[in-house]
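Asks: sequence first, predicted coordinates after that:
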Amino acid sequence: MANDDLCFTPATELATLVRDKSVSPLEIMDAVIGRIEQVNPAVNAFCHVDFDRARDGAKAAEKSVMRGDPLGPMHGMPVSIKDLAAVNGMRFCGGSHIYAERIATFDAPMVERLKAAGAIVTGKTTTPEFGWKAIGDSPLTGITRNPWSLDHTTGGSSAGASAAAAAGLGPLHQGGDGAGSIRVPASFCGVFGMKPTFGRVPAWPQSNGDNAAASGPVTRTVGDAALMLSVMAGPHPLDNTSLKPAPMTMSGGCKTASRDFGSGGAATWAACVSIRKLPRYANAPRNGLSSLAQRSRTWR
């Protein structure tokens, strides 16, 4: 499979290809890293990356596949984390000069769960300072551009996550939403995002010191969001507001995906809706993508 195809293939499909040994985790990671290196200078979706550690994780994931080890539901899948959540060993700046040199020494609970399910963190995505604006600029990391048109805003505050999802910089992206911070940029960037029910995903430490924000998925397909939320959700001892018991599975793989609501009821998505994706552009200019719509009208 061509690198560009790998970058726009949903995680639900990639996970099956990995299990079938049709594609390796390292192939997926190399394709995603290559696309980040190509596109991120123009879009500014990632503020911190750790490609060496990501490749090491992909190599270890590949060895697990070849040994026949039990594999998690997200085995070998690249994932990004918004820079309001802690990832052990990575910068934890919150888009602010105040914490420009802070390095996290622990994983947030939902990051622990993503890693335990086999996901590999590629880096941190941008946010306005402390997530307090609905546009994508930060005094520390600059402006995040909408991949569809660089002179338009991504919305915010999960600006980097939404831009990364739209631009094919990996299939899975974590965002946070207190008053629209996933929903606004997901709609502006033409991808799928949702704010989970309060307490569905454990929050520690609270990104803004309050209970308004919730972590949720930003993806290109509903199925990928269901998979990601299934992994992140459930009670945790560090968050006494987290909902109990753990929800039923939210990932149906394709045709149906059940989603548990806080009241205990469940709903089912009729299909894994594939969100419209960016045109494939092999040679994205590093000084802008504003002519993208004129260069290609072919949607994947």
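Replies: Here it is on my side, so go on.
Asks: hey, where'd the strands end up in the stretch 51-200 of the chain?
Replies: With DSSP state E, counting those that start in this stretch as the criterion, the stretch 51-200 of the chain has strands at 78-82, 120-125, 137-138, 142-143, 145-146, 149-153, 172-177, 192-193.
Asks: closest to Ala60 out of these?
Replies: Proximity to Ala60 (Cβ to Cβ) singles out strand 120-125 among these, at 8.9 Å. Bear in mind the C-beta positions are built from the backbone N, C-alpha and C, glycine included.
Asks: give me the sheet partners of the closest one and which way each runs.
Replies: strand 46-49 (antiparallel), strand 78-82 (parallel) (DSSP bridges).
Asks: which of those strands is buried the deepest?
Replies: Comparing the strands paired with strand 120-125 on average neighbours per residue, with mean count of other Cβ atoms under 10 Å, the densest one is strand 78-82 at a mean of 29.
Asks: pLDDT of that strand, averaged?
Replies: Strand 78-82 carries an average pLDDT of 98.
Asks: what residues are up against the nearest residue to Val184 once chain neighbours are set aside?
Replies: Nearest residue to Val184, sequence neighbours excluded (Cβ to Cβ, 6 or more residues apart in numbering): Gly155, at 4.0 Å. The contact partners of Gly155, by Cβ atoms under 8 Å, 6 or more residues apart in numbering, come to 134-136, 162, 184-189.
Asks: which among those end up buried?
Replies: 134-136, 162, 184-186, 188-189 (16 or more other Cβ atoms under 10 Å).
Asks: from the residues you listed, which two are the most distant?
Replies: So, the buried ones among the contacts of Gly155 by Cβ to Cβ: farthest apart are Ile135 and Ala186, at 14.1 Å.
Asks: same question for stretch 80-93: list its buried residues.
Replies: If you call a residue buried by 16+ other Cβ under 10 Å, then stretch 80-93 has these buried ones: 80-87, 90-93.
Asks: could you redo the residues you listed as a markdown table and give each row distance to Val218?
Replies: Below are the buried residues of stretch 80-93 laid out as a markdown table (distance: Cβ to Cβ, whole Å):
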| residue | distance to Val218 |
| --- | --- |
| Ser80 | 9 |
| Ile81 | 11 |
| Lys82 | 9 |
| Asp83 | 14 |
| Leu84 | 13 |
| Ala85 | 13 |
| Ala86 | 18 |
| Val87 | 16 |
| Met90 | 18 |
| Arg91 | 20 |
| Phe92 | 19 |
| Cys93 | 19 |
